[in-house]
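1. Structure of the sequence below:
(2 chains)
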Amino acid sequence: MVDLRPRLAPLLIGLLLTGCAASGNVQDIQPGERPDLETDEAGLWMKMDRAEADMRSSGKVVRDSQLQAYLEGIVCELAPDYCQDIRVYLVRNPGFNASMSPNGAMVVWTGLLLRCENEAQLAFVLGHELAHYIQRHSLKRWRDLRATTSGMAFFQFATAITGFGLVGDLATLGALGGVMAFSRDHEREADRIGLRLAQGAGYSGAEAAKIWDYLQREKDAADDGDGFIFFASHPPSDERRDTLAELATATAGEGRRGAEAFRRLTAGHRLAWLRDELRLRDYARMEVLTAHLLEAGDAPGAVHFLRGELHRLRGEEGDDGKAVAAYYAALKTRQAPAETYRSLGLVLWSMEKPREAQSAFRHYLRRRPKADDRAMVEDYINQLN
Amino acid sequence: MPVPPALKAFALTPSTALRKRIPSARRWAVGLLFGLVLSACAQHPGTVRLDPSAQPMPGAKVLIMQPDVEVSELTVGGLLEPNAAWTAAAESNIDQALERVLAAQGARWVHLNPRGKLIRTPAVSQLVKLHGVVGASILIHDYGVGAPLLNKDGRFDWTLGKDAAILGKAYKADYALFVYFRDSFSSDARVALNVLTALVGAGVRGGQQVGFASLVDLRSGKIVWFNVMARGTGDLREAEAAVDASQVLLAELPF
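-> Prediction:
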């Protein structure tokens, strides 16, 4: 093998320099603008157009025309010029997340709507996503990733032939950290723009800090201590909350919160969306979430019921009693789902209260005479005789 | 159709396919690499899977589903950057290539209208998605990537179910042909890196052409024929090369 090292060194340095060129000067996308077919941006759009076509026929997309029109309406109010360029997809998924594709497809998880208290908070998050689109953050991130990985590939090669593999690995870590930090800057920028858009549309800026503050509380309580996927590459939410609170006061003005319409359109979904959250089996987080929703006060029947479910399923010391209390609270609202009785029966049974359990099961069958599990519940009642 | 990660396992070439236009200074190294590619990239024999119960239908009419094609540039750091212009060219080349290959095998054909109403109906859009999932399962279980499914008892036995008949009726077709292609080309910098690493005896992957296709009997919904390909040469952006790729992929169609 020819010894290439002396000749390769200048070449490698040259390659490293070109490879590390940053994403360059990327302008904001203009309303109605489409990338030229020959560009890397067109490639990203193509990829996302296809993903979006798949999404359109997905069973996970929530089909609620009123809620859909409501979300699109908020987007158009926030950024009227870009109204025609954005499609909103509400996707049935637990957890707090939203994402923005470079082609204008915005995905909002139902778990996000579940955690917003009012339209102002939602508008801020949607504004944050819009900022990613307008500022072309996906393209910038792609170009940065391309440049960073190029630099890494050559650097690893260079260190491999000179026998310093370890240095190459450390550099890889450093470079990946660089990509991450880049994206955090985008998030800060999106926060700032999101707030500006929301305030521009007349929403209360103070609400923006509130949603991040709530998410921080939920994160602190979480069983696994993990944040949401939304924050995986995001700056810590307490830092963002403080920045937002400062920005909001600096630009003052009261603004509207829009709690009415928001509640009217989302309350009917509470039960289903909360069930999705329960499936994650993160009980500590579920406790914080249900307490948060009870404070807000809408759909209390569903929320108390799910709070009972979390205690019943967790089944630790004292959970039985808490479950029963929550089920009674749910029934008191007269809006509890029929399953409240069935769950109540199960817990009372395990607490060895056969008469009360029987009575709860009978109530269940009275409320839902055609229940799929009627035969099983009748069998429970017989066993308790 | 989802990108099946399993497809990578079919890469039969150990290292590189170089971009067609190579600067002359590096020609000697390219020649060496080309030899390696040629020796390794021959189509693996026996990649076709056939449903033994399927009856040949001479002169059958084939509904060509919208081919799932994507052409990318392999960046120096190993990222695949999708290229919209190349993909558009490849799509139109593949469309025409499929017609030619089918005609040569004595079949009649009709294209699915990608903008028609039918494809947007839930039954048909779900059928296309289902094919993506079933196709990925075949790749995993019938080609030795994952364990074979024991209840198949060694038979090639896959179906999209009776809803496939909806397509057959709408287009008066006997079969549906699903085609999936991914093609990638090394960027200039990637080619340079390949040459450099080859010089010191290390391997860096170059561009790849991979694909799979399946033929669905539209009366029963059964997948009667399936094939995969992976090689380090070819160029779907060129009409003739697209015909060549389609010929390799659609060899031994059961008409």
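2. Retrieve the pLDDT associated with the residue of chain B at minimum distance from chain A.
-> Nearest residue of chain B to chain A: residue B:77, at 2.5 Å (Cβ to the nearest Cβ). C-beta coordinates here come from the backbone N, C-alpha and C atoms, glycine included. Predicted confidence (pLDDT) at residue B:77: the value is 79.
3. Nearest spatial neighbour of it, chain-adjacent residues omitted?
-> Spatial nearest neighbour of residue B:77, excluding adjacent residues (Cβ to Cβ, 6 or more residues apart in numbering or on different chains): residue A:149 at 2.5 Å.
4. So what's the residue count around that neighbour?
-> 20 (other Cβ atoms under 10 Å in any protein chain shown).
5. and it, what are its phi and psi?
-> The phi/psi pair for residue A:149 (degrees, to the nearest 10) reads phi -70, psi -30.
6. about what we covered before: might one say that the residue of chain B closest to chain A is in contact with residue A:142?
-> No - the criterion here is Cβ atoms under 8 Å, and residue B:77 misses it with residue A:142 at 11.7 Å.
7. what kind of secondary structure is the residue of chain B closest to chain A in?
-> Of the three states, residue B:77 takes coil under DSSP: H, G, I helix; E, B strand; the rest coil.
8. quick one: low-confidence ranges for chain A?
-> Where chain A drops to pLDDT under 70, the residues are A:1-24, A:152, A:154-182, A:224-237, A:250-253.
9. now do 80
-> In the predicted model of chain A, residues A:1-24, A:149-184, A:222-241, A:245-254 satisfy pLDDT under 80.
10. Quickly list the domain ranges of it.
-> Per the record, chain A has its domains at A:5-23+A:39-250, A:268-383, by automatic domain parsing.
11. before we move on, back to that, residue B:78 is in contact with the residue nearest to residue B:77, correct?
-> Yes - the criterion here is Cβ under 8 Å, and residue A:149 meets it with residue B:78 at 6.4 Å.
12. export the one helix or strand residue B:138 maps to as PDB, just CAs?
-> Element membership for residue B:138, per DSSP states H and E: helix B:122-141. Listed next in PDB are the C-alpha coordinates belonging to helix B:122-141 (Å, rounded to 0.1, in the frame of the first residue of the first chain):
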ATOM      1  CA  PRO B 122     -60.800   4.100   1.600                       C
ATOM      2  CA  ALA B 123     -61.000   0.500   0.300                       C
ATOM      3  CA  VAL B 124     -58.500   1.100  -2.500                       C
ATOM      4  CA  SER B 125     -56.100   3.500  -0.600                       C
ATOM      5  CA  GLN B 126     -56.000   0.900   2.300                       C
ATOM      6  CA  LEU B 127     -55.400  -1.800  -0.200                       C
ATOM      7  CA  VAL B 128     -52.300   0.000  -1.500                       C
ATOM      8  CA  LYS B 129     -51.100   0.500   2.100                       C
ATOM      9  CA  LEU B 130     -51.800  -3.100   2.900                       C
ATOM     10  CA  HIS B 131     -49.700  -4.200   0.000                       C
ATOM     11  CA  GLY B 132     -46.800  -2.100   1.400                       C
ATOM     12  CA  VAL B 133     -47.100  -4.000   4.700                       C
ATOM     13  CA  VAL B 134     -47.500  -7.400   3.100                       C
ATOM     14  CA  GLY B 135     -44.600  -6.700   0.800                       C
ATOM     15  CA  ALA B 136     -42.400  -5.800   3.700                       C
ATOM     16  CA  SER B 137     -43.400  -9.000   5.500                       C
ATOM     17  CA  ILE B 138     -42.500 -11.100   2.400                       C
ATOM     18  CA  LEU B 139     -39.100  -9.400   2.300                       C
ATOM     19  CA  ILE B 140     -38.500 -10.200   5.900                       C
ATOM     20  CA  HIS B 141     -39.800 -13.700   6.100                       C
END
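13. Count the neighbours of residue A:373 for me.
-> Burial of residue A:373 is recorded as 14 neighbouring residues (other Cβ under 10 Å).
14. for the residue in chain A that chain B sits nearest to, what are its contacts?
-> Of all residues in chain A, residue A:149 sits closest to chain B, at 2.5 Å by Cβ to the nearest Cβ. Counting by Cβ atoms under 8 Å, 6 or more residues apart in numbering or on different chains, residue A:149 touches A:175, B:75, B:76, B:77, B:78, B:79.
15. now that we have the residues you listed, which one has the most neighbours?
-> That'd be residue B:76 among these, by other Cβ under 10 Å, with 27 neighbours.
16. if we can go back for a sec, got the contacts of residue A:149 as a markdown table, with distance to residue B:207 columns?
-> Shown next, in a markdown table, are the contacts of residue A:149 (distance: Cβ to Cβ, whole Å):
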| residue | distance to residue B:207 |
| --- | --- |
| A:175 | 24 |
| B:75 | 11 |
| B:76 | 12 |
| B:77 | 14 |
| B:78 | 11 |
| B:79 | 13 |
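17. Let me know the closest of those to residue A:302.
-> residue B:79 (45.4 Å; Cβ to Cβ).
18. Return the distance of the closest one relative to residue A:150.
-> Here the criterion is Cβ to Cβ, to the nearest Å. By it, residue B:79 lies 9 Å from residue A:150.
19. Quick check: nearest residue in space to the residue positioned nearest the centre of chain B, chain neighbours excluded?
-> Against the mean C-alpha coordinate of chain B, by Cα atoms, centre = their mean, the closest residue is residue B:211 at 1.7 Å. Leaving aside its sequence neighbours, residue B:211 sits nearest to residue B:181 (Cβ to Cβ, 6+ apart; 4.3 Å).
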